[in-house]
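Engineer: predicted model, plus sequence, below.
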Amino acid sequence: MTPANLIPIAPGWAKNSVNAVIFRMNSLVTHEDQQVAAFYDDSGQVILARRGLADTAWTIHGTGLTGNVRDAHNCISLMVDGDGFLHLAWDHHNHPLRYVRSLAPGSLDFTEKLTMTGIAEERVTYPQFYRLPGGDLLFFYRDGKSGDGNLMLNRYDLRTQTWTQVQHGFVDGQGERNAYWQATIDDRGSFHLSWVWRESPDVATNHDLCYARSDDGGVTWQKSNGERYTLPITVDNAEVAWSIPQGHELINQTSMCADGQGRPYIASYWRPPGTDVPQYHLVYHDGERWRTSQVSMRTTPFTLGGVGTRRIPISRPQIVADRNGDITRAYLIFRDAERGDRVSVAICDDLGRGSWRIEDLTAESVGYWEPTYDTELWTQQKRLHLFVQHVGQGEREGVEDLPAQTVSVLEWTPGGNAEW
């Protein structure tokens, strides 16, 4: 087991989990040899921190941008394009678009607030950036509300430095439900999207894990067997990668990744039939069909129900995986009260055998933290850098009386120096 290294940055807001929710894309981002982190401080200001990857000292920069940190939905999403410009979206929960771009490559100073396309930018939630291999960006967000929302997709062109709308409501809740998604771009530039449907604002109505893939930047979409979707994708024509009924503690907005062969891996948790204990699961495509592997052997039951952000004894999981020949290694990162709310990782050295072991990467509790990581550093170097902070969380949008807690980066290289 390669030791993990915790690099402190600065104190950040910790009364809820807004700095440490799973759907931040990204909390950390690397371009060339520079890494940037984004978080809210205790006054609700967006803070940027930058370092060289070989350094432990950070340059701290206050942006002057502020957000309603008392709502854990209102996270910061950060990405860098192929020319080195930072793009930042923040403070959204059914709000007008809040988006800025750095003034120059490598700069930590931003433009005034910008629009992207000006279309359907009044009810934005869950902004997420993804970088294509050529350096262009994709931007996903929900237009609408929980139980009644549609998925939107814009693309940023490096050459023109402009955004265009690629898809308008292409995953469509038909006014009766919405999709809670997770996504990834593989080494070939294919975009993989998975989601659960929710029938109402109540988390208990989550059901079914669905899938779509695009090989052309989101213009057209297909199922895992290559069948092309007729858009929009709805509950009637969506490919169900794994069927999970309502009322089975299925969580929303977890994570996914893809290996070097473009095979998708989706992490989540739900309650298997015949038990009252939710477990972590990995759903993946082996090139022929969908399979699942139960990752955990938890013993503590809990139920999911209600609206808003919940105080849940486990975090949503993060997944990274890589394949060499016929062997797939997978790493599922999580936090569980059964393990003292530490940063933990479940490791499978050969997914074909399906044997998992669990190690802790921190000795101390991280409260209600959920894992996010530097996707670009993982893509380029297979180094895992996690955003870590001890945070509280009240029920719905409640807060805890917790002073500012140190934001850190946890450095860990899966597999150590072992050669594939």
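Structural biologist: Ah, there it is.

Engineer: now Leu282: closest residue in space that isn't a chain neighbour?
Structural biologist: Ser293 (4.7 Å; Cβ to Cβ, 6 or more residues apart in numbering). Where C-beta positions appear, they are placed from N, C-alpha and C, glycine not excepted.

Engineer: please give the element, helix or strand, for the one you found.
Structural biologist: Using DSSP states H and E, Ser293 sits in strand 290-294.

Engineer: name the residues of that strand that are buried.
Structural biologist: Neighbour counts over strand 290-294 (16 or more other Cβ atoms under 10 Å) mark Trp290, Thr292, Ser293 as buried.

Engineer: make JSON lines out of these and add distance to Leu6 and pLDDT.
Structural biologist: Shown next, in JSON lines, are the buried residues of strand 290-294 (distance: Cβ to Cβ, whole Å; pLDDT from 0 to 100):
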{"residue": "Trp290", "distance to Leu6": "37", "pLDDT": "97"}
{"residue": "Thr292", "distance to Leu6": "33", "pLDDT": "96"}
{"residue": "Ser293", "distance to Leu6": "29", "pLDDT": "95"}
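
Engineer: which single one of those residues is nearest to Val36?
Structural biologist: Ser293 (34.3 Å; Cβ to Cβ).

Engineer: thought the closest one was touching Tyr280?
Structural biologist: No - in this structure, Ser293 is not within contact of Tyr280 by Cβ atoms under 8 Å, at 9.5 Å.

Engineer: hang on, the earlier thing: check contacts around the residue nearest to Leu282.
Structural biologist: Contacts of Ser293 were listed using Cβ atoms under 8 Å, 6 or more residues apart in numbering, and they are His281, Leu282, Tyr284, Cys348, Leu351, Gly354, Trp356.

Engineer: can you report phi and psi for the last one?
Structural biologist: This means Trp356. Dihedral pair for Trp356: phi -110, psi 140, per degrees, to the nearest 10.

Engineer: tell me, how many residues neighbour it?
Structural biologist: By other Cβ atoms under 10 Å, the residues close to Trp356 number 19.

Engineer: per-residue pLDDT of the most far-flung residue of the chain relative to its centre, please?
Structural biologist: What lies farthest from the middle of the chain is Gly274; by Cα atoms, centre = their mean that is 29.9 Å. On the pLDDT scale, Gly274 is placed at 92.

Engineer: doesn't it fall inside a strand?
Structural biologist: No - per DSSP: H, G, I helix; E, B strand; the rest coil, Gly274 lies outside any strand segment and is coil.

Engineer: how about Leu231, nearest residue that isn't a chain neighbour?
Structural biologist: Phe170 (5.1 Å).

Engineer: from Asn252, how far out is Leu410?
Structural biologist: 25 Å (Cβ to Cβ, to the nearest Å).

Engineer: any idea whether Thr379 is helix, strand or coil?
Structural biologist: State at Thr379, reduced to three classes by three-state DSSP: helix.

Engineer: quick one: residues contacting the nearest residue to it once chain neighbours are set aside.
Structural biologist: Spatially, and ignoring its direct neighbours in sequence, Thr379 is nearest to Asp187 (7.2 Å; Cβ to Cβ, 6+ apart). By Cβ under 8 Å, 6+ apart, Asp187 lies in contact with Pro133, Ala258, Gly260, Gly262, Thr379.

Engineer: need the buried ones from those residues selected in PyMOL.
Structural biologist: In PyMOL, this line selects whichever of the contacts of Asp187 come out buried by 16+ other Cβ under 10 Å:
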select buried, resi 258+262+379
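
Engineer: any idea which of the contacts of Asp187 is least confident?
Structural biologist: Per-residue pLDDT puts Gly260 lowest of those, at 85.

Engineer: counting by contacts, list what the host helix or strand of Ala330 packs against.
Structural biologist: Ala330 is part of strand 327-334, with elements assigned from DSSP H and E. On a contact count with 3 or more Cβ pairs under 8 Å, 6 or more residues apart in numbering; DSSP states H and E, strand 327-334 meets strand 279-285, strand 318-324, strand 344-348, strand 384-388.

Engineer: what comes into contact with the third one?
Structural biologist: Defining contact as Cβ under 8 Å, 6+ apart, one finds that strand 344-348 is touched by 280, 282, 293, 295-296, 328-336, 354-361, 412, 414.

Engineer: the second one too?
Structural biologist: Here strand 318-324 makes contact (Cβ under 8 Å, 6+ apart) with 22, 254-257, 259-261, 263, 265-267, 282, 284, 328-334, 351, 370-373, 378, 382, 384, 414, 420.

Engineer: OK, contacts around the closest residue to Gly135 other than its chain neighbours?
Structural biologist: Nearest non-adjacent residue to Gly135, counting by Cβ to Cβ, 6+ apart: Gly82, 1.6 Å away. Contacts for Gly82 were tallied using Cβ under 8 Å, 6+ apart; they are Arg131, Gly134, Gly135, Asp136, Leu158.

Engineer: that older thread, which of the contacts of strand 318-324 count as buried?
Structural biologist: 22, 254-257, 259, 263, 265-267, 282, 284, 328-334, 351, 370-373, 378, 384, 414.

Engineer: centre of the chain to stretch 194-214, how far?
Structural biologist: On the basis of Cα atoms, centre = their mean, to the nearest Å, stretch 194-214 sits 15 Å off its chain's mean C-alpha point.

Engineer: and that stretch, what's buried?
Structural biologist: Residues 194-200, 203-214 are the ones in stretch 194-214 that count as buried (16+ other Cβ under 10 Å).

Engineer: return the subset of those residues lying in strands.
Structural biologist: In this view, the buried residues of stretch 194-214 that belong to strands under DSSP state E are 194-198, 206-214.

Engineer: in the sheet, who's paired with Arg213?
Structural biologist: His192, Gln222 (DSSP bridges).

Engineer: in this structure it contacts Ser194, no?
Structural biologist: No - Arg213 lies out of contact with Ser194 (Cβ under 8 Å); the separation is 9.7 Å.
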